[in-house]
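Here is the input, now give the coordinates:
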Amino acid sequence: METEEKYVKEYGNQVQRYLDTFEIVEEDLAKLTGTTSNNIKNIINGEVGLNIKKMINIASVFGIPYYHFANPKATIPSLNKLPKTTQAKIAERQRKGITVRDNENKFSSKLDSLILKGHFSTPTTSKLTLVAMGEEFNDKNPSEITSLLGRPPRNKTIKSIGKLGSQHIYIHIDHAEKFEKLSNDELIELIKKKELTD
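As a prediction, this is how the structure comes out:
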């Protein structure tokens, strides 16, 4: 099992190496492989399992076999050897500049700031949290907050204590005891009141 984890992490390092070489970001590779930025991030961080299909899919973006891509000693192909769609995506990123990564960092930093300021001291949802983050993040989706709250270190301090439709109702562990005694309907009532005041 340890060996498998080691290889998954090494593969993630390879993905990051290729992104850095061609100055593209997770979002670009996600579009080229038909997946999500979060999935690519999880691959880079060694947080998801890899199957041969995924490995072939990523390697094909760079026009090479999967076993060549996974080899850290193998030479990275030059730009003009890459598939045309990949070259076009690299050119597009050069025009745009690398802003996505910064925006992602700002997004997670803003969430951490809300945690510190006590946003989760009363029951809340990812939708309400996104509203509290401000207009700067209007292009974001509540599911991205759910994803961030489900991963360490945030999942050690923020917990789900109920549901409002498909959304989790979150609370900081320091305040959980008081609200865990409430029924789901009572929690929903608190959320609805919060929606009216926010």
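
Could you pull up the mean pLDDT of the helix or strand harbouring residue 4?
Residue 4 belongs to helix 2-22 when assigned by DSSP states H and E. Per-region confidence: helix 2-22 scores 85 on mean pLDDT.

List the buried residues of that helix.
Under the neighbour-count criterion of 16 or more other CB atoms under 10 Å, helix 2-22 has 8, 11-12, 14-16, 18-19, 22 buried. Backbone N, C-alpha and C define where each C-beta goes, glycine included.

What lies in contact with it?
25-26, 28-29, 40, 43-46, 48-50, 55, 58, 62, 69-70, 72, 76, 79, 82, 86, 90 (CB atoms under 8 Å, 6 or more residues apart in numbering).

Need the contact partners of stretch 34-54.
With CB under 8 Å, 6+ apart, stretch 34-54 has contacts from 5, 8-9, 11-13, 15-16, 19, 26-27, 29-30, 33, 57-58, 66, 100, 104, 144, 147, 151.

Strands along this protein, start to end?
Assigned by DSSP state E, the strands in the chain fall at 158-164, 167-172.

ok now the last one, how far from the chain's centre?
Pointing back at strand 167-172 there. Offset of strand 167-172 from its chain centre (CA atoms, centre = their mean, to the nearest Å): 18 Å.

List the buried residues of it.
167-172.

Nearest to residue 180 among the residues you listed?
The closest of those to residue 180 turns out to be residue 171 (CB to CB; 7.8 Å).

Pretty sure the closest one sits against residue 158.
Yes: Residue 171 lies in contact with residue 158 (CB atoms under 8 Å); the separation is 7.3 Å.
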